[in-house]
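Trainee: Attaching a predicted model along with its sequence, questions to come.
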Number of protein chains: 2
Amino acid sequence: MREAGYTIRAMAERCGMTAHTLRYYERVGLIQPVGRARNGHRRYSDADEAWLHFLHCMRATNMPIREMQRYAVLRERGDDTSIERRKILEDHQAAIAGQIAALQKAHSLLTHKIANYRKIEDRIRIPNSVTPESDRALVSAN
Amino acid sequence: MREAGYTIRAMAERCGMTAHTLRYYERVGLIQPVGRARNGHRRYSDADEAWLHFLHCMRATNMPIREMQRYAVLRERGDDTSIERRKILEDHQAAIAGQIAALQKAHSLLTHKIANYRKIEDRIRIPNSVTPESDRALVSAN
DNA sequence: TCTTGACTTGGAGCGCGCTTCAAGGAGTAG
DNA sequence: CTACTCCTTGAAGCGCGCTCCAAGTCAAGA
């Protein structure tokens, strides 16, 4: 069975999802019913791939499935839904900015904590060393 | 019932969690059994608060509960678990870096898509305007 | 005394996003 | 023909992280 388009397996690999997930996305309306080979097997187009990549990117940044569904429905309705779709994307972009901020905060917190652990380890490796005044507060601060 | 320490409600607010979540965290061992007032109500200390803030920060950056449990257990075992704990934090920091990268990629993708939607909207507002050559490819590219 | 409200517990329930199962069909190699 | 692989479907199941429920205790206020 040749015929044009990617098999579900191939597309799953290309998009970094599983075949299960692709069927699931189709079932819940995130992607329109996919073309079929004569034997009934799905055949994905390049357009499908682009859309799936987009979906993957949105999911990977924690857009809920429900929101993606809203977007997908608008997309199917055409260009006159542009403003609503843009709103969804802008909201999600703002959500992303928030996530980035939280992650950066945590990242720098971890930098400090990791440095502190190194100090604790030093103290253990060199048992009788004198802990500098300035570090007294840090060490063992969980 | 006065007595020292924060009520569960107060602590929940301070940490941006619900009282339910605080009990849940205690139940699954993320936090040691909390002190009690004479009537059996929980009373949280400042040390509890610091730890809960840390937990909150880790959860907010998608550290799984299981991993936080591993960390909590090591922390209770004391300073000789420093290396293991540091490893956990370093791994999580790396995970955070990965998340930030994915989010930034999505953020810039959205910037482009949003700009494109604006173009579509312009075309609709000024029906007979000429779409510049350079934009032909972009417009309607979902 | 009665009510109100904040807390306690163990256990059940829930929403999300998949993930797996069971049963079956179609095409290919030996 | 047999065996194997890859696909199909509808439906059930699952892991996570809460979230809520039911029933009870306790203390303060009217």
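Mentor: Everything's here; your move.

Trainee: List phi and psi for residue A:39.
Mentor: phi -80, psi 10 (degrees, to the nearest 10).

Trainee: so for whichever helix or strand residue A:55 is part of, what's the average pLDDT?
Mentor: According to DSSP states H and E, residue A:55 maps onto helix A:46-60. With pLDDT averaged residue by residue, helix A:46-60 scores 98.

Trainee: which of the residues in it are buried?
Mentor: A:48-49, A:51-52, A:54-55, A:57-59 (16 or more other Cβ atoms under 10 Å in any protein chain shown). C-beta here means a position set from N, CA and C on the backbone, and glycine is covered the same way.

Trainee: Return the residues in contact with the spatially most central residue of chain A.
Mentor: Taking Cα atoms, centre = their mean, the centroid of chain A lies closest to residue A:60, which sits 1.2 Å from it. Residue A:60 makes contact with B:102, B:106, according to Cβ atoms under 8 Å, 6 or more residues apart in numbering or on different chains.

Trainee: what's the spacing between it and DNA strand C?
Mentor: 9 Å (Cβ to the nearest atom of the strand, to the nearest Å).

Trainee: Give me the neighbour count for residue A:97.
Mentor: For residue A:97, the tally of surrounding residues (other Cβ atoms under 10 Å in any protein chain shown) stands at 14.

Trainee: Write out the residues of chain A neighbouring DNA strand C.
Mentor: A:1, A:18, A:20-21, A:23-24, A:38-40, A:59, A:64-66 (Cβ under 7 Å from any atom of the strand).

Trainee: Which ones among those map onto helices?
Mentor: A:20-21, A:23-24, A:59, A:65-66 (DSSP state H).

Trainee: re the thing from before, where does confidence bottom out across the residues of chain A next to DNA strand C?
Mentor: Lowest pLDDT among those: residue A:1, 58.

Trainee: just to revisit the earlier point, now the buried residues of helix A:46-60 in TSV, please, with extra columns for distance to DNA strand D.
Mentor: Shown next, in TSV, are the buried residues of helix A:46-60 (distance: Cβ to the nearest atom of the strand, whole Å):
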residue	distance to DNA strand D
A:48	12
A:49	15
A:51	17
A:52	14
A:54	21
A:55	18
A:57	21
A:58	18
A:59	14
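
Trainee: Go through those residues and name the one nearest chain B.
Mentor: residue A:57 (5.2 Å; Cβ to the nearest Cβ).

Trainee: For that closest one, which non-adjacent residue is spatially closest?
Mentor: The shortest distance from residue A:57 to any non-neighbouring residue, by Cβ to Cβ, 6 or more residues apart in numbering or on different chains, is to residue B:106 (5.2 Å).

Trainee: What is the burial count for that neighbour?
Mentor: 23.

Trainee: Whichever strand or helix holds it close to DNA strand D?
Mentor: Taking DSSP H and E as the definition, residue B:106 sits inside helix B:82-125. No - on the criterion Cβ under 7 Å from any atom of the strand, helix B:82-125 is out of touch with DNA strand D, staying 12.3 Å away.
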